[in-house]
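Novice: Provided below are the primary sequence and the corresponding predicted coordinates.
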Amino acid sequence: MISGRKLVLQRMQQVLRRSSLLLGTWGPVNAEFVNPCSSICSSRFPFFALGTSLHHERAHHSRSLQSIFDFVDLSEYFITGSDYRRAPKFQNYIGPVRIDRTPDGRGRGLYVSQDVEAGDILIINNAFAASYNDIHNSQMHERIAAILKDSPRALRQFYSLAADTQQEKLAVPEVELFDDSIPYHGDDSSTPGLSESKIRKIIQVNSFSGKLTLPGHQEAGRINGLWLLPSFINHSCCPTASRLLVGETMLFMAAQNMKANDELTICYTDCMAPLRKREEVLGITCCGFRCRCERCEFEQSIQKEVEDISERYQALYDKAVEEVTAVATRRDKGPYPACRELAVLFVKLRTKLDSMKELTKLQKHWILGGYSCAFLGNWLTTGYMSDFGPPCRHLDSTAIGLVEAMKVTVPGMQRTLSFSVLLATAVKESAERLRLVELALNECVKLYGKQRPDVLRKLAQDSVQYVPFL
Ligand SMILES: C[S@@+](CC[C@H](N)C(=O)[O-])C[C@H]1O[C@@H](n2cnc3c(N)ncnc32)[C@H](O)[C@@H]1O
C-alpha cells in the first residue's frame, strides 16, 4: 500500500516540475537582491562577490566571516538531498555574540556584539550529546552523566545552564567558557556536584527534539540533543535568528539585519499561529513559560477585540488539518467546510484590522501572520492542490498581503518559502512572479545561509515538498 506521505510527495513532484521550470527561467540567480549593496570580491564563488564581509574581532582571534563556506561547503549535501546520514562535519564556531542578562526577567540571553546581516552565520555548534528516537531522553541522560564525570570543563559549562534561582540572580557566564579553542583554567571547587534530578531538569529545559527526514521517505525518526551555548538563546514569536540542523551540528543564522546589542532569538514552536495557540503550546504542552516577547505583549493588549475570531480558529484548526491532509493525499475531494470557514474568518480579521487605524503596519502583520493557516487551508483545498488550473494573470491581493505578513512576522521560515514558491508557480504576470521568486530566494538565504545560486534555487524548488500548512 502506498503511504500518505508518498502520495503527498508524488503530488508535490508535479508542483516541483512546474516550479523548477519557473525558477529555471531566470537562469543565473538574481543574486543582486540577496545582498544588493556589496562590494567585496570572492573568486571562489561569484555569488559572494555580492556579499558584505563581516569583520569579527575577538580577543583571541580575528576573522572575516562571509558565509557557511568559510567553514564547510554544503553544496553537495544540499544538492544531493540533505541526507542527515551524510552530513559533513564542522568545527565549533562562536561568532559575534555575548551572553547577558535580559532586562525583563527572562533570565540570560544571547546578544550580537556588532551589526550583522540576514544570512550571516552567528554560531556553529556540535551537539554536547545527542540520541535518536529517545523519547524520554534516557540515553541522552546517560551520555551526559558520563561526560560530566570525566570533564571538569564540561561540568562547568553544563552547570552554567541551570536556571533554578531567581532570574535576576542567575550568573552570567562568559561566552569564552564555551570556546574550546581557549584553554580552560577553571576553579572547579566552585562547581558543585549535580544531583540526578538537577541534571534531568537542565536537559528538560534546554534539549531540542527534531525530525529526521530523508528525501522521498517517511519520517525516519527523531533526534534529541543538547547544544550548550545555543541553550542561552531565548524564544520570541517574532524571532531574529533561524537554526539549521546538519547532522548533529546546529547552525544559527541572522534571519534579518541586526544592530549590535540586538537580542538573538529563535522560535521554540510554530509562531505562525494565533496568540492563544502559542500560549497553549509554550505554557502547557511544550515549554512551561509565559512568553514575554514584544509580539505577545502587544497581542495580549488587543486580544479582546479578536477573541471571537481566535476562539473559532482554535475550534476549526484540527478539522482543517484533516481536510488539508486529505486533499494532499487525494483521499477525498471535499467539501472542506473547516478550511472554507477559516478563510471567511481570515477575511473578517483583515477587515477588522483595516478599521483599527491606531495599529502600525508591523502590528497588523504580526496578527495576520499568526492566522496564515486560516488563509492557506482554503487556498490549498479549493485551487492549488486539488486542481491545477492554468496559471492566473494576477494574484489575489490577500495572498500577496499574507506572504508579506508571514515574511515579516517569522523571517526565515519554511512555510513562507514554500508558500511563495507555490504562489510564484501559480501566477503568470511576470513582475509579480519575479517579486515572489525574489522573496523566496531571500527567505532561502535566511533559512540556509548564503549559498551558491544553484544551491539556493534547488532549496527553493525542494521547499514545495512541504505542504505550507502542515
Ligand atoms: C533554553 S532556556 C533560555 C535561556 C534562559 N533564559 C536562561 O537564563 O538560562 C529557556 C528558558 O528561558 C526562559 N525564556 C525563554 N524565552 C522566553 C520568553 N520569550 N518569555 C519568557 N521566558 C522565556 C524560560 O524560562 C525558558 O524555560
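Specialist: Looks like it came in fine. Numbers count the residues shown, from 1 in each chain.
Novice: state the pLDDT value of L22.
Specialist: On pLDDT, L22 comes in at 54.
Novice: over to Q91?
Specialist: As predicted, Q91 sits at a pLDDT of 92.
Novice: wait, is it part of a strand?
Specialist: No: Q91 is assigned coil when assessed by DSSP: H, G, I helix; E, B strand; the rest coil, not a strand.
Novice: my guess is it meets I124, correct?
Specialist: Yes: assessed by Cβ atoms under 8 Å, Q91 is found in contact with I124 at 7.3 Å. C-beta: built from backbone N, CA, C; applies to glycine.
Novice: quick one: which of those two has more around it?
Specialist: Set Q91 next to I124 and count neighbours by other Cβ atoms under 10 Å: I124 wins out with 21 against 11.
Novice: do you know how far that one is from L74?
Specialist: 11 Å (Cβ to Cβ, to the nearest Å).
Novice: just the closest residue of this protein to the ligand, please.
Specialist: G107 (2.6 Å; Cβ to the nearest ligand atom).
Novice: number of residues surrounding that residue?
Specialist: Residues near G107, counting by other Cβ under 10 Å: 17.
Novice: break the protein down into its domains, please.
Specialist: 4-32+293-465, 55-267 (automatic domain parsing).
Novice: out of those, which one sits most buried?
Specialist: Of those, the one with the most neighbours on average (mean count of other Cβ atoms under 10 Å) is domain 4-32+293-465, at a mean of 19.
Novice: anything in that domain near the ligand?
Specialist: Yes: under the criterion of Cβ under 6 Å from any ligand atom, the ligand is reached by domain 4-32+293-465 at C293.
Novice: where does the prediction get shaky in this protein?
Specialist: Applying pLDDT under 70 to the chain picks out residues 1-67, 188-191, 215-219, 384-394.
Novice: which residues in it form helices?
Specialist: For the chain, applying DSSP state H gives helices covering 4-24, 75-79, 138-150, 152-159, 196-206, 275-280, 294-328, 337-355, 361-370, 372-379, 397-409, 414-426, 430-448, 453-462.
Novice: how about the shortest one as PDB, C-alpha atoms only?
Specialist: Coordinates of the C-alpha atoms in helix 75-79 are reproduced here as PDB (Å, rounded to 0.1, in the frame of the first residue of the first chain):
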ATOM      1  CA  SER A  75      26.600  22.500  -1.800                       C
ATOM      2  CA  GLU A  76      26.900  18.800  -2.400                       C
ATOM      3  CA  TYR A  77      25.000  18.000   0.800                       C
ATOM      4  CA  PHE A  78      22.100  20.200  -0.200                       C
ATOM      5  CA  ILE A  79      22.100  19.300  -3.900                       C
END
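Novice: so which of the helices of the chain comes closest to C238?
Specialist: C238 lies closest to helix 294-328 among these, at 4.4 Å (Cβ to Cβ).
Novice: distance from the chain centre to the closest one, please.
Specialist: 20 Å (Cα atoms, centre = their mean, to the nearest Å).
Novice: what angle sits between that helix and helix 361-370?
Specialist: 30 degrees (axes from the mean of the first three to the mean of the last three Cα atoms, to 10 degrees).
Novice: counting by contacts, list what helix 294-328 packs against.
Specialist: helix 4-24, helix 275-280, helix 337-355, helix 361-370, helix 372-379 (3 or more Cβ pairs under 8 Å, 6 or more residues apart in numbering; DSSP states H and E).
Novice: circling back: Throw the helices of the chain into CSV and include distance to Y111, thanks.
Specialist: Below are these laid out as CSV (distance: least, Cβ to Cβ, whole Å):
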stretch, distance to Y111
helix 4-24, 36
helix 75-79, 30
helix 138-150, 27
helix 152-159, 19
helix 196-206, 18
helix 275-280, 24
helix 294-328, 16
helix 337-355, 32
helix 361-370, 22
helix 372-379, 29
helix 397-409, 22
helix 414-426, 25
helix 430-448, 19
helix 453-462, 29
